[in-house]
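In: Just to be clear, the model below is a prediction. Sequence and coordinates:
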There are 2 protein chains.
Amino acid sequence: MNIKGYYIDLEKAVKIINKNDYKNIVLQVTEGLKHIFKDFVDFFEIKTKANIFISADPCFGACDIPSFFCENTDIDLIIQIGHLPIPEFSESSIPIMFLNAFSDADVSKVVEKALPSIKGKKIGVLTTAQHIHKIDDVKNILFKNNFEPVICKGDKRIDSPGQILGCNFSAATKIVDDVDMYLFIGSGTFHPLGLLLSTKKPVISCDPYTDEVKFKELEDFKDMILRQRYGAIARSKDAKVFGIVVCSKSGQYRFNEVEKIKKLIESKNKKSYILIANFFLSSFLESFRDIDCFVSLGCPRVAIDDYMQYEKPIITPIELEIVLDVKKWDDYKFDEIIN
Amino acid sequence: MNIKGYYIDLEKAVKIINKNDYKNIVLQVTEGLKHIFKDFVDFFEIKTKANIFISADPCFGACDIPSFFCENTDIDLIIQIGHLPIPEFSESSIPIMFLNAFSDADVSKVVEKALPSIKGKKIGVLTTAQHIHKIDDVKNILFKNNFEPVICKGDKRIDSPGQILGCNFSAATKIVDDVDMYLFIGSGTFHPLGLLLSTKKPVISCDPYTDEVKFKELEDFKDMILRQRYGAIARSKDAKVFGIVVCSKSGQYRFNEVEKIKKLIESKNKKSYILIANFFLSSFLESFRDIDCFVSLGCPRVAIDDYMQYEKPIITPIELEIVLDVKKWDDYKFDEIIN
C-alpha cells in the first residue's frame, strides 16, 4: 500500500491474518504515522475479519513492543508499522510482525548536492529504516563520483546493512578505521549527533525530505549538546543518592548493567536505588524526591533529548563514570545499546 | 512495620522472600506512599539478600499490576504496597504479594461527630482498604447509639466486607434496599460521589485524617459533577467518529464490552475505532485527531477526574448510551467495573 509518501506492505499482513484466521490484532503505529491510523484500520477491516485495536501508547521503535498482553490472551497478533525489527529483541508472548514504512523520497538529489562537501575517499554510508531501500542509489552515486562507499551491517540489534538506530551506531563504528568520513541519509539531528559522538569522524547529513545538506550545523549542535552534558555531569558531582533507572521495554532492558553500576556507586561511598519504569516521564521520576541524580538505562535519547524536562540531572552510564572519576571527560562517549 | 501512621506487614514479605530465596523483586508502592520508598527498600536490603527494583510507573490500585515482565524473567516476585488484592484479577505471570497499608488514624472521633447528622435506622457502612480494620469500631459505635449497621461484602472484585473501590460499589448496591443511608469512612470525594450516584441514597462521609464530616458538600459536589457529565454528553451528541479505549491493565481490561459498544455505535450509523492503552494520558489520545469522542473502558475515574485535561469529550459506556438515545439522562448511572 502506498500512503502519504510511504510504501507499507499491508497486503503481506492481510495474507498472514487470513491464513491464520487471527481475530484480535493490536496495531502499533510509529508516532509519525499515527495521524493516519484510520487508513490502516479501514484497510484491514475491508480485507480481513479481524478486530483491530490501535495501540494508543506511544511507540518509539522496535525496542518498544507492547508486553502487557501476557495477561490479555484475546490478542493473537501484534503488527508494528514503521520500523525494522531488532532481531535479538523482537520476541513477544504473542506473534509480532514488523511492517517497515519505506519512504518514496528521492535520495539522489540531496546526495548529489552533498558531493562537493565530501572530503576524503572512503565514505561510510548510513541511514534509517525508511530510506534503507535507497542505500544502493547512494552507493552508485558515490561510485560514479570516484568515492569508495563503505556499507556494513551492525551488530545483532541491527536488521539491514547501513542501518543505524538512535541507540546503536555499530554499523558505523565497525568501519571507523576504514573510512574518512560518514554520509548520513535521513532527517533530524539525533542520528548524525550519535554518529559524530560514537565515531569522532566528520559526518555530512542529507535530508531527502527537505534536500538539506548539513555539516557545520551538526558540529555546532554537537558542541551545544556536549556543553549541556558537561553541565549535567557537573551538576551530578555532589549527588549523594543515585537512582539507577532500568527500562522494562523488551528492547531497552539493560538489566545486566545494573549490578556493575550499583557497585561502582557504592565503591564511592554513595547510595543508590534501582528504579524500573516502562514509560519515562519526568513527572513520574519526580516522586522520588530523595534521589539527587538519575542514571538512565533506558533509551539513550531520554537523558539527551528530554534533559531539560527533568528537575534533577539525568545522565547516561558513561556519564556516571565521569561523575565518579573513573573516566575522564576526554573519554566522553555516546550511550549505546549494543550487542 | 509502623511507618508514617500506617502498619504494613513487611515482615511477612521478608519471610516469603527468604523462604523462596527470591533474588530480584519489584516493589510497587501506591502514589501516596511513594515519597517514603527509601524506608521500604532499606528495610528489605537489611533483612533479605534480594535486589529491590522500585516501580517508577504510577500505581493506581490492585487493578494495576505491572505486566511488562513477561519478557523480563529476571524478576521473581512483585510486591504491591498500599492495596488489598482484587481477588479475580490478582494473577500475574510472576507471583504477586499485596501488602495493605493499615492506617492508625482513629475513626471513632469522627464517627461520633457524625452521629447527629445520621437520619434513619439502618446504616450501610463502607470504607477503603486503609481503614478496613476499623470497620468493627464503626459498627460498635452505631450499635451503641441504637442504629443498625449493615456491612456486606461486594462482588468478586472485592476482598473484604464493607470495602469499596473507586470502580466498584457492589458492597453498597447489594444492600441498597435494606438501608436508609450510608456512612463512608475515608478521605477524598470520589468514593462518596460514587456511592451517591450508584445507590441514589444519602451518604455521610467521615474523614479520620481531618475529622471532617461531610454531607451537604457531597450533594453539591455530585450536582457539579452531574452538570459536567451532562455537558460531556451534550458535546458528544454530534460526534461522528468514536474511539472506544480499552485499558490493557489486568484489572481494568473490559475487552468483553467492546463488541457490544461497537455494534451500538454502528447501529446509529456512526463510525468507531478501538484503541488499547496501558496508560491514559490526554496527550496520547490527542494523536488520534479524527476521533470526535472517546469512550473510556478504563478506570471510571479517567472520564470523571481527568475530564478537564482532554480536548475532546471523554465519556463512560453508560454516558454513551445516553448520547445515542438508548438511555435517558434520568437513567444516569456511575460507571463501575463489576462482576
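Out: Looks like it came in fine.
In: C-alpha only now, for contacts and for neighbours.
Out: Fine.
In: Give the helix, strand or coil label for residue A:152.
Out: Using DSSP: H, G, I helix; E, B strand; the rest coil as the criterion, the local structure at residue A:152 reads coil.
In: Tell me the pLDDT of it.
Out: Model confidence at residue A:152, expressed as pLDDT, equals 97.
In: ok, now the one 10 residues further on?
Out: Per-residue confidence for residue A:162 comes out at a pLDDT of 98.
In: what kind of secondary structure is the nearest residue to it once chain neighbours are set aside in?
Out: Excluding its sequence neighbours, the residue lying closest to residue A:162 (C-alpha to C-alpha, 6 or more residues apart in numbering or on different chains) is residue A:126, at 4.6 Å. In the three-state summary, residue A:126 is assigned as strand, counting by three-state DSSP.
In: For residue A:35, which three-state class applies?
Out: For residue A:35, the reduced secondary structure class is helix; criterion used: three-state DSSP.
In: picking up where we left off before, just give me the neighbour total for the residue nearest to residue A:162.
Out: Neighbour count for residue A:126, taken as other C-alpha atoms under 10 Å in any protein chain shown: 29.
In: Bridge partners for it, pull those for me.
Out: When assigned by DSSP bridges, residue A:126 has beta-bridge partners residue A:184.
In: can you pull the contacts of it?
Out: By C-alpha atoms under 8 Å, 6 or more residues apart in numbering or on different chains, the contact list for residue A:126 reads A:135, A:151, A:162-164, A:171-172, A:182-185.
In: roughly how far apart are it and chain B?
Out: Distance, residue A:126 to chain B, by C-alpha to the nearest C-alpha, to the nearest Å: 30 Å.
In: Likewise for residue A:27?
Out: From residue A:27 across to chain B, the span is 9 Å (C-alpha to the nearest C-alpha).
In: can you give me the strands in the stretch 151-300 of chain A?
Out: Counting by DSSP state E, counting those that start in this stretch, the stretch 151-300 of chain A forms strands over residues A:181-185, A:203-207, A:212-214, A:241-247, A:271-277, A:293-296, given from the N-terminal end onward.
In: so which of those strands comes closest to residue B:270?
Out: Using C-alpha to C-alpha as the criterion, the shortest distance between residue B:270 and the strands of the stretch 151-300 of chain A is 38.3 Å, found for strand A:271-277.
In: which regions of chain A sit below the pLDDT cut-off?
Out: Per-residue confidence for chain A (pLDDT under 70) gives these ranges: A:67-73, A:89-91.
In: is chain B contacted by stretch A:32-42?
Out: Yes. Contact between stretch A:32-42 and chain B, assessed by C-alpha under 8 Å from any C-alpha of the partner chain, occurs at A:34-35, A:37.
In: From the contacts of residue A:126, keep the buried residues only.
Out: Burial by neighbour count, 16 or more other C-alpha atoms under 10 Å in any protein chain shown: within these this picks out A:135, A:151, A:162-164, A:171-172, A:182-185.
In: before we move on, the earlier item: generate a ChimeraX selection restricted to the buried subset of the residues of stretch A:32-42 next to chain B.
Out: Buried residues within the residues of stretch A:32-42 next to chain B, by 16+ other C-alpha under 10 Å, are selected in ChimeraX with:
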select /A:34,37
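In: Just the closest of the residues of stretch A:32-42 next to chain B to residue B:17, please.
Out: Nearest to residue B:17 among the residues of stretch A:32-42 next to chain B, counting by C-alpha to C-alpha, is residue A:34 at 43.8 Å.
In: Where does residue A:52 fall, secondary structure wise?
Out: Assigning secondary structure by DSSP states H and E places residue A:52 in strand A:51-55.
In: So which elements touch that strand?
Out: Helices and strands touching strand A:51-55, by 3 or more C-alpha pairs under 8 Å, 6 or more residues apart in numbering or on different chains; DSSP states H and E, are strand A:24-29, helix A:37-47, strand B:271-277.
In: Neighbouring strands - and their directions - for the helix or strand that that strand is followed by?
Out: Helices and strands here follow DSSP H and E; after strand A:51-55, the next one along the chain is strand A:77-81. The sheet places strand A:77-81 alongside strand A:24-29 (parallel), strand A:96-99 (parallel), with pairing taken from DSSP bridges.
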